[in-house]
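Undergrad: what shape does this take:
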Amino acid sequence: MNLSSNMRALKSVITANSPVLLVGTAIAGVVSTGVLAAIGGYKARGIIDEATAEKGEPLELQEQVKLTWLCYAAPVLTGASTILSVVGVHTIHNKRHAALAGLYAVTSNRLDEYTEKAEELLGPKKTQQINNELAQKHVDANPPANHEVIITGRGTELCYDEWSGRYFLGSMPTIENAINEINIQLVEAGDAALNDLYDHMGVTPIPMGNDYGWSGEKIEGKFGTCMAPDGRPAISVWFRSDPKPNMGRK
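TA: Numbers count the residues shown, from 1 in each chain. Reported below is the predicted structural model:
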C-alpha cells in the first residue's frame, strides 16, 4: 500500500514538474552533445590519419565515413534526445495553455451571465451606483501617481482601463466611438483584437492584446465615475463581456 501511494505521489510530482525536468534534460543534452562530438571528432581524426598513412594517399569521403561513422553515433543519439526534450516542453506548454484558456473562457462566460442577471434584478440606478463604487475602489488601489498616464491626444479626461490597469487621457465620446468601431469590425470581419480597440482609443497596445479579443457578438462598454486621489475626476472603463483568449473563438 505504501509503495503504491509513493509511486502515485512520484508520478504526480514528475507530471507537475515535467517542463522543468525536460528543460534540464535539454540543457544537459546540449552540453553532452558538444563534448561527445568533440571526442568523436578527435577519435575520427586519428582513425583517418592512421588509415591515410597505411594507404599512402588521402582517403575518399566514402572511405572516411565508413571508417568513422561509429565515432559520431553517441553525439547523434544525444542530440536527438535533446531535440525530443525541447519538443516535449513545447507540447506540454501548448496543452496547458489550451486548458487554461478553456477554463478562463468558461469562468468568464459564467461571470458575464451572473453580472447580467444581477443588473436586471438591481435596476440601472443601483447598478450604476455599484459600478461607481467599484471604480473608486480600483482607482484608490491603483492611483495614477503610481502609473504612467498615456497621452492619447484624444481628450483631457483621466481614464482608467480596468482590463490592463493603465491610465490614459481621453474622453467618453472617444471611448464610445472606439467601441462603435470595434462593433462595426465584429459585424464585417467576425472578430476584433483588444489592441484594435486600443488603437481606436489612441492607447498603446499590449503584448497579449493581439490574442485576446472578441468574436461574433457586439461588445458593450461599462463605465464608472470616481475621484482620483489628487482630486481629478476619473472615468473607469471595462466591458460587459471581457476579451477572451483566441479572440473569443472556441
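Undergrad: count the neighbours of the spatially closest residue to Pro144 that is not a sequence neighbour for me.
TA: Take Pro144 and drop its neighbours on the chain: the residue closest to it by C-beta to C-beta, 6 or more residues apart in numbering is Tyr167, 4.7 Å away. Backbone N, C-alpha and C define where each C-beta goes, glycine included. Number of residues near Tyr167 (other C-beta atoms under 10 Å) recorded here: 23.
Undergrad: just to check, Tyr167 is in contact with Glu148?
TA: Yes: using C-beta atoms under 8 Å as the test, Tyr167 is close enough to Glu148 to be in contact (7.4 Å).
Undergrad: start and end of stretch 236-243, how far apart?
TA: End-to-end distance of stretch 236-243 (C-alpha to C-alpha, to the nearest Å): 16 Å.
Undergrad: so which bits of it are buried?
TA: Neighbour-count burial for stretch 236-243, counted by 16 or more other C-beta atoms under 10 Å, picks out 236-239, 241-243.
Undergrad: now tell me which helix or strand of the protein has the poorest mean pLDDT.
TA: helix 2-16 (a mean of 51; mean pLDDT, DSSP states H and E).
Undergrad: what is the nearest of the buried residues of stretch 236-243 to Met172?
TA: Within these, the smallest distance to Met172 is 9.3 Å, found for Val237 (C-beta to C-beta).
Undergrad: that closest one falls within a strand, correct?
TA: Yes: assigned with DSSP: H, G, I helix; E, B strand; the rest coil, Val237 falls within a strand.
Undergrad: do me a favour and get the end-to-end distance for stretch 213-220?
TA: Using C-alpha to C-alpha, one end of stretch 213-220 lies 13 Å from the other.
Undergrad: wait, Ser215 sits on Leu194?
TA: No: using C-beta under 8 Å as the test, Ser215 is too far from Leu194 to be in contact (12.0 Å).
Undergrad: who's more crowded, those two?
TA: Applying other C-beta under 10 Å to Ser215 and Leu194 shows that Leu194 carries more neighbours, namely 25 against 16.
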